[in-house]
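>>> What follows is a predicted protein model with its sequence.
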Amino acid sequence: MRIPTDDDVLSLHKKYAPNPGAFDLVYTHCQIICGIARQLHSHPQTDQDIDMDLVQAGSLLHDIGVYRLYDEDGKLDRTDYIRHGVLGYELLQEEGFPETICRFASHHTGVGLTRNDVIAEGLPLPPVDYLAETGEERLVMYADKFHSKKTPPVFFTAPVYATRIGRFGPGKVAAFEAMRTAFGDPDLLPFSEIYGYGIVGQP
C-alpha cells in the first residue's frame, strides 16, 4: 500500500479548503494531532509495532471532511459536525485512497461510535460501527482528544477530556481510560508554546 506523503496531504488540504481560514484551522489541527501522536508513540507502554508512517498520514488526513461542512459564505456548519468523519471518508475514497487510509476519517470521532449510539442518539450517520480497530487508528483517535478546533482552539488535559466524555456514559469514559493506559498522557506544554493555544486543566 502506498502511504500518502506529507506533500500529498498538503496538496489535498489546499485542494479542498474553501478559504484560507478553513485551511489554517483544519490543517493546523491535523499537524498538532500528528505531533501528539508521535510524542505518545515514544512512551514506553505504547506498542512499538505501530506503523508511524501510516499514523502520520492518518493524523494529517483525519479531519479533511470538515471542509465539506463549510457553506457558500465560508462559514462552518457546526450543527452537522458529527458528519465530518463520513464526509472525509467519502472524499478520500473519491481520491482513490485504500480503505486503510479512508478509515482514519470515519473512525476517529470521540472514543468511537457504535451502531447503537447512532440509532439511540438519532445521529445523521449510516447506522454502523465507527470504532478504532487497529493500533494506528486507536493512536490517532486518542491523540485527537487533546486538541479542539473550537473558537478559540484549546488543548484539553486527559482528566478534562474524561470529564467531558462522561456525559455520554461510563462506557465512553472506560474506553478513553483504556486508551490512556495504552498510550499515556501527552505533554501538551510544548504544543501550547508553539501554537499559542491555552490548555484547559493545566495547573
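Yes, it's here.
>>> For the rest of this, base every contact and every neighbour count on C-alpha atoms.
Noted.
>>> Mind pulling the model confidence for the nearest residue to Asn19 once chain neighbours are set aside?
Using CA to CA, 6 or more residues apart in numbering and skipping residues adjacent in sequence, the residue nearest Asn19 is Gly74, 6.8 Å away. We note a pLDDT of 87 for Gly74 in this prediction.
>>> What is the longest helix of this structure by residue count?
Residue-count comparison of every helix in the chain, with assignments taken from DSSP state H, identifies helix 20-41 as the longest.
>>> other SSEs contacting that one?
Counting by 3 or more CA pairs under 8 Å, 6 or more residues apart in numbering; DSSP states H and E, the packing neighbours recorded for helix 20-41 are helix 6-16, helix 52-61, helix 135-143, strand 147-148.
>>> repeat that with 10 Å
The helices and strands touching helix 20-41, judged by 3 or more CA pairs under 10 Å, 6 or more residues apart in numbering; DSSP states H and E, are helix 6-16, helix 52-61, helix 135-143, strand 147-148, helix 170-183, helix 189-195.
>>> Using CSV, please lay out these together with mean pLDDT, distance to Thr114 and mean neighbour count.
Converted to CSV, the helices and strands packed on helix 20-41 look like this (pLDDT from 0 to 100; distance: least, CA to CA, whole Å; neighbours: other CA atoms under 10 Å):
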stretch, mean pLDDT, distance to Thr114, mean neighbour count
helix 6-16, 98, 28, 14
helix 52-61, 98, 21, 24
helix 135-143, 98, 15, 25
strand 147-148, 98, 22, 19
helix 170-183, 97, 11, 17
helix 189-195, 97, 31, 13
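>>> measure the most centrally placed residue in the chain to Met1 for me?
In the chain, the C-alpha nearest the mean C-alpha coordinate belongs to Asp144, at 4.1 Å (CA atoms, centre = their mean). In this structure, Asp144 and Met1 are separated by 24 Å, where distance is defined by CA to CA, to the nearest Å.
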